[in-house]
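# Curious how this folds, go ahead:
(one chain, ligands or ions: 1)
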Amino acid sequence: MSYTKHEYSDGAALAAALADEVASRLAAAIYARDSACIAVSGGSTPKKFFEELSTRELAWDKVKVTLVDERFVPADSERSNHLLVAKHLLTNNAAAATFVPLYYDAPSIEEAAVIATKATAALDKPFDVVILGMGGDGHTASFFPHGDNLEQALDLTGLCRVMTMKAEGAGEERLTFSFSSLSDARFLALHIEGQGKKDVLEKAIAGSDETEMPVRAVLNRAASPLDIYWAP
Ligand SMILES: O=C1O[C@H](COP(=O)(O)O)[C@@H](O)[C@H](O)[C@H]1O
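Prediction:
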């Protein structure tokens with residue numbers, strides 16, 4: 001278990017600090033490899049961080065943005081993580097970035113996952129930056145408690161790919177990068193806010209059953225050190 005905790009007085013301070021860190025990681029990647037790739041989470045937590053990051057000065061035309069996970073809904077759905085990123089991150093300076101989606105309008109989610117795996121195979125690995133979130137049930141990306149594909153998704157010896165996930169707590173069917181695709185990011189962060197999520201994190205740290213709280217895989221087995229960002 002290797003992680004560093006960063007705590008802030010409020011969400012605005014966290015968003016600014018995380019945006020500074022991520023912008024500097026992306027700039028370093030561009031300097032080293034002339035391109036950068038970031039995979040971000042959806043949900044409600046990252047909005048302020050996205051808005052901050054979108055204003056940072058960077059060669060955004062060299063940045064590829066993708067999602068760690070997505071609901072199997074079209075990009076114009078209010079439930080779409082793509083829509084969230086389009087509204088809050090791919091704006092201001094970051095409008096010049098290229099977005100690589102996980103959702104495709106395929107006859108089945110399984111076919112969409114195959115298309116997404118092919119489309120994202122072109123992204124440089126390891127990812128320069130991966131920002132994970134966490135739900136109140138201990139899910140991260142779309143690694144949901146008792147998900148039908150959870151064991152394969154968390155298998156670090158498995159292929160880097162986009163997988164499907166169905167779980168009672170997930171609402172829609174999900175598309176998610178496998179853990180092997182995310183775990184070795186050059187900068188791997190978990191962004192959570194609120195006392196409730198802090199309590200969930202403490203519970204995750206105290207136990208070991210990944211089926212019950214899949215975020216434990218990230219805490220215990222990620223190939224890269226984890227930076228945890230928290231604000232009340
Ligand atoms: O379903 C999802 O939820 C988590 C956490 O979302 P939040 O609304 O509690 O911040 C998110 O990390 C994930 O990407 C998303 O698909």
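# from here on, contacts and neighbour counts on C-alpha atoms
OK.
# Assign the nearest residue in space to residue 106 that is not next to it in sequence to helix, strand or coil.
In space, and not counting its chain neighbours, residue 106 is closest to residue 112: 5.3 Å by Cα to Cα, 6 or more residues apart in numbering. Per DSSP: H, G, I helix; E, B strand; the rest coil, the secondary structure class of residue 112 is helix.
# so residue 112 touches residue 101, yeah?
No - between residue 112 and residue 101 there is no contact under Cα atoms under 8 Å: 10.6 Å.
# can you count the residues close to the residue nearest to residue 106?
Residue 112 has 21 neighbouring residues, counting by other Cα atoms under 10 Å.
# do you know how far it is from residue 161?
12 Å (Cα to Cα, to the nearest Å).
# Check residue 174 too.
From residue 174 to residue 161 the distance is 14 Å (Cα to Cα).
# what about these two, which has more around it?
A direct count of neighbours by other Cα under 10 Å for residue 174 and residue 161 places residue 174 higher, at 25 against 21.
# returning to that earlier point: residue contacts, the residue nearest to residue 106?
Counting by Cα atoms under 8 Å, 6 or more residues apart in numbering, residue 112 makes contact with 102, 103, 104, 105, 106.
# And residue 34, by the same measure?
residue 62 are the contacts of residue 34 under Cα under 8 Å, 6+ apart.
# wouldn't residue 154 be in contact with residue 179 here?
Yes - with contact defined as Cα under 8 Å, residue 154 counts as touching residue 179 (5.1 Å).
# neighbour-wise, which of those two wins?
Neighbour count, other Cα under 10 Å: between residue 154 and residue 179, residue 179 has more, with 29 against 22.
# OK, contacts around residue 196?
So residue 196 contacts residue 136 (Cα under 8 Å, 6+ apart).
# mind checking which helix or strand it is in?
Secondary structure assignment for residue 196, by DSSP states H and E: helix 195-206.
# how far is that helix from where the chain is centred?
For helix 195-206, the distance from its own C-alpha centre to the chain's C-alpha centre is 19 Å (Cα atoms, centre = their mean, to the nearest Å).
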